[in-house]
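# Pasted the sequence and its predicted model underneath.
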Amino acid sequence: MPWAVDLTSAQEIRVQLTGYLDQAEGVASARAVLIKLACVQADRSVDLVLEVPTMSGYHREARLAWQKTLWKHRGRINRMVVVGGNSVIRMGASVIAMSLGVPLLTLEVEASPELEAEVDAKVGVEEDAPAPHRRRRTGSMRYRTAGNPFGRLREASQPHC
């Protein structure tokens with residue numbers, strides 16, 4: 001399963017997507033978000049946080065499943081926050097956010113300095129190499145902002161939440 005959905009203590013729904021999201025997984029992950037949204041009090045809205053630093057792509061029908069599934073519940077979503085991802089992934093998130101009429105915030109991620117040095121040593125890139133020769137990497141990630149602004153995931157009190 002290239003995805004996981006959790007409800008955080010701050011009433012945010014966090015979706016972790018990895019690899020390629022095909023049509024069936026797109027439908028299933030969108031439904032999982034809807035289930036988590038049902039766990040939130042009816043008078044509250046949430047931030048939908050998509051962690052996608054290792055996501056490689058998605059099927060068009062997966063994106064459409066997200067748009068169609070969340071359409072009726074768009075008023076309960078404050079904003080979408082995309083953490084990481086390549087330009088295609090961010091563009092897809094932008095289309096979803098636009099179709100739902102919610103603001104979109106994108107946050108870049110960068111590999112930890114230790115991981116950068118380890119990978120550079122393995123592939124033979126000198127530390128002072130110009131930027132075009134240094135590839136963007138994923139792996140042990142940290143947010144470029146000060147720490148993780150979204151808090152830790154919590155254990156849900158209900159089995160489906």
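Nice, I can see it.
# The longest strand seen in the chain pairs with which strands?
Counting residues, the longest strand in the chain under DSSP state E turns out to be strand 46-58. Sheet neighbours of strand 46-58, with direction, are listed as strand 12-21 (parallel), strand 77-83 (parallel) (DSSP bridges).
# As a check, name the ranges of all helices in the chain.
For the chain, the helices identified by DSSP state H occupy 23-38, 60-71, 87-100, 113-123, in order along the chain.
# closest one to Gln16 among those helices?
helix 23-38 (9.8 Å; Cβ to Cβ). Bear in mind the C-beta positions are built from the backbone N, C-alpha and C, glycine included.
# Run a quick check on Gly19 versus Pro2, I expect a contact.
Yes - the pair formed by Gly19 and Pro2 meets the contact definition of Cβ atoms under 8 Å, at 4.3 Å.
# Now list whatever residues contact both of the two.
Between them, Gly19 and Pro2 share the neighbouring residues Met55, with contact defined by Cβ atoms under 8 Å, 6 or more residues apart in numbering.
# average pLDDT for stretch 68-75?
What stretch 68-75 shows for mean pLDDT is 94.
# Stretch 105-114 now?
Stretch 105-114 comes out with an average pLDDT of 76.
# so where's this structure uncertain?
1, 10, 110-161 (pLDDT under 70).
# Can you tell me the closest non-neighbouring residue to Val27?
The shortest distance from Val27 to any residue that is not its chain neighbour, by Cβ to Cβ, 6 or more residues apart in numbering, is 4.4 Å, and that residue is Ala65.
# wouldn't that neighbour be in contact with Gln23 here?
Yes - between Ala65 and Gln23 there is a contact under Cβ under 8 Å: 7.2 Å.
# one step back: pipe the helices of the chain into JSON lines and attach mean neighbour count and distance to Ile13 per row.
Converted to JSON lines, these look like this (neighbours: other Cβ atoms under 10 Å; distance: least, Cβ to Cβ, whole Å):
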{"stretch": "helix 23-38", "mean neighbour count": "18", "distance to Ile13": "5"}
{"stretch": "helix 60-71", "mean neighbour count": "18", "distance to Ile13": "10"}
{"stretch": "helix 87-100", "mean neighbour count": "17", "distance to Ile13": "13"}
{"stretch": "helix 113-123", "mean neighbour count": "13", "distance to Ile13": "28"}
